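# sequence-free structure coming up:
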Ligand SMILES: CC(C)(COP(=O)(O)OP(=O)(O)OC[C@H]1O[C@@H](n2cnc3c(N)ncnc32)[C@H](O)[C@@H]1OP(=O)(O)O)[C@@H](O)C(=O)NCCC(=O)NCCS
């Protein structure tokens with residue numbers, strides 16, 4: 001992807017409704033470990049927290065000036081581990097490499113977490129697209145990390161990928 005075509009920017013108040021549409025889109029939700037909001041009120045409360053959260057990196061992925069998704073890093077375990085989140089709108093004009101470039105870019109922001117040693121991504125075992133993306137960027141599957149979770153009414157398998165920092 002050409003330089004400058006894809007950018008990450010801070011979340012803005014004007015993103016509120018767009019994020020609600022993404023977070024309630026079943027084409028995205030199906031692949032996310034956590035369920036989307038049950039109501040607009042729940043979304044608004046969550047969105048308000050993201051706007052003022054200075055502890056996490058939460059960025060809108062912008063492709064040729066158009067917001068197309070979200071990429072985020074949240075510190076866990078006393079800040080030693082960063083949890084990665086990513087989704088790209090299912091309506092994005094097919095543009096191969098958007099997710100990969102967004103994750104590559106957010107990995108360059110990890111120095112705002114001085115204690116961080118690794119970035120982890122939990123992913124459903126059948127999410128081959130995300131797994132391909134992570135492996136191509138140098139994430140490795142954590143041995144023994146496979147576990148079952150209940151998503152909706154279905155039991156699904158999840159695996160953990162990690163990317164070591166500072167090595
Ligand atoms: C996962 C997601 C972020 C990937 O974004 P993307 O823009 O499609 O990613 P990229 O194009 O950079 O990379 C996807 C890779 O998967 C490959 N791929 C696509 N469909 C595939 C499939 N069915 N099986 C295997 N690989 C597949 C692509 O060819 C590409 O690999 P390549 O560049 O080596 O050819 C996006 O699909 C998404 O938002 N999905 C819904 C939410 C989600 O799954 N989030 C991650 C939760 S852990």
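Sure thing, it's come through. Note that the structure is a prediction, hence the values are computed from the model and not measured. Numbers count the residues shown, from 1 in each chain.

# Which pLDDT value goes with the residue in the chain that the ligand sits nearest to?
Across the chain, the shortest distance to the ligand (Cβ to the nearest ligand atom) belongs to residue 99, at 2.3 Å. For the C-beta atoms, the positions are set from N, CA and C on the backbone; glycine is no exception. For residue 99, the pLDDT comes out at 96.

# my read is it is in a helix, agree?
Yes - Residue 99: assigned to a helix according to DSSP: H, G, I helix; E, B strand; the rest coil.

# so how far is residue 65 from it?
18 Å (Cβ to Cβ, to the nearest Å).

# which residues of the chain score low on pLDDT?
2-3, 93-94, 167 (pLDDT under 70).

# Tell me which other helices or strands the longest helix anywhere in the chain touches.
Ordering each helix of the chain by length in residues (DSSP state H) puts helix 40-52 first. Where contact means 3 or more Cβ pairs under 8 Å, 6 or more residues apart in numbering; DSSP states H and E, helix 40-52 is packed against helix 16-23.

# Does the ligand have contacts with the helix it packs on?
No - Helix 16-23 does not reach the ligand (Cβ under 6 Å from any ligand atom); its nearest approach is 9.3 Å.

# continuing past that helix, what's the next helix or strand?
The C-terminal neighbour of helix 16-23 among helices and strands, as given by DSSP states H and E, is helix 26-29.

# Name the residues that touch that next one?
If you take Cβ atoms under 8 Å, 6 or more residues apart in numbering as the criterion, helix 26-29 is touched by 22-23, 35-36, 87, 89-90.

# Format these as TSV; extra columns: secondary structure and neighbour count.
Conversion of the contacts of helix 26-29 to TSV gives the following (DSSP: H, G, I helix; E, B strand; the rest coil; neighbours: other Cβ atoms under 10 Å):
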residue	secondary structure	neighbour count
22	helix	22
23	helix	20
35	coil	11
36	coil	17
87	strand	22
89	coil	20
90	coil	12
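
# Run through the residues of this protein sitting next to the ligand.
Residues of the chain lying near the ligand (Cβ under 6 Å from any ligand atom): 28, 31-32, 86-88, 96-100, 121, 123, 127-130, 132-133, 136.

# go with 8 Å
27-28, 30-33, 69, 84-90, 92, 95-103, 121-124, 127-133, 136 (Cβ under 8 Å from any ligand atom).

# Tell me the buried residues within those.
Among the residues of the chain next to the ligand, those classed as buried by neighbour count (16 or more other Cβ atoms under 10 Å) are 28, 31-32, 69, 84-89, 98-103, 121-124, 127, 130-131, 133.
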